[in-house]
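S.K.: The following block contains a protein sequence and its predicted model.
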Amino acid sequence: MRPGWVVTRHVIAAAQMLWSALLIHLSGGRIETHFHVFGSLGFLTAYRDWPVLITATLMVVADHLLRGFLWPESVYGITNPEWWRFLEHAFWVVFAVPFLIVLCVRSVRDMRAMAEKGAELEALSEGEWRKSSVLERAEAAAS
């Protein structure tokens, strides 16, 4: 209903990470399924809104922490993992996110620079059009 709303992007990020959590649960905590988190972070980077990545990261860490204590087999595939196992998983997500944040910031900066150059070119073109229009009218009036 509100595609441009900031909250919508954060809800999508949370939902995407919950889908990852569901897939991890359904696979019995197989490590391969955890890679869905990283693919999802890559897709969320397309928003070019780095706070969305923070929301997603917090969701992953909270999911691994809570399920790790309440139902560890669904997230790690074993019944008695070490208490700090969620830190290992969270570390890899926290390790990847700064790189994605840099990509978001650079992408926005590059898009802004291209838009400014486009606006300058358009203004120059419009100025040339106005000059030629004035000259044409002056020539027509002189003849």
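M.R.: Thanks, I have the structure now. Numbering: from 1, shown residues only.

S.K.: Roughly how far does L100 sit from G39?
M.R.: Look at L100 and G39: by C-beta to C-beta, to the nearest Å, they are 12 Å apart. No exception for glycine: its C-beta is placed from N, CA and C like everyone else's.

S.K.: Do you have the strands of this protein handy? List them.
M.R.: For the chain, strands defined by DSSP state E do not occur.

S.K.: Low-confidence ranges, it, go.
M.R.: Within the chain, no stretch falls below the threshold (pLDDT under 70).

S.K.: Give me the more crowded residue out of L100 and G39.
M.R.: For the pair L100 and G39, the greater number of neighbours falls to L100 (19 against 11), based on other C-beta atoms under 10 Å.

S.K.: residue contacts, the more buried one?
M.R.: L100 makes contact with L41, G42, T45, W50, L53, according to C-beta atoms under 8 Å, 6 or more residues apart in numbering.

S.K.: How many residues are close by the closest residue to it other than its chain neighbours?
M.R.: Nearest non-adjacent residue to L100, counting by C-beta to C-beta, 6 or more residues apart in numbering: T45, 4.7 Å away. Neighbourhood size, T45 [other C-beta under 10 Å]: 20.

S.K.: Correct me if wrong: T45 contacts L103.
M.R.: Yes. In this structure, T45 is within contact of L103 by C-beta atoms under 8 Å, at 5.9 Å.

S.K.: and the residue nearest to the spatial centre of the chain, how far is that from A56?
M.R.: Among the residues of the chain, T45 comes closest to the average C-alpha position under C-alpha atoms, centre = their mean, at 2.3 Å. If you measure T45 against A56 using C-beta to C-beta, the figure is 10 Å.
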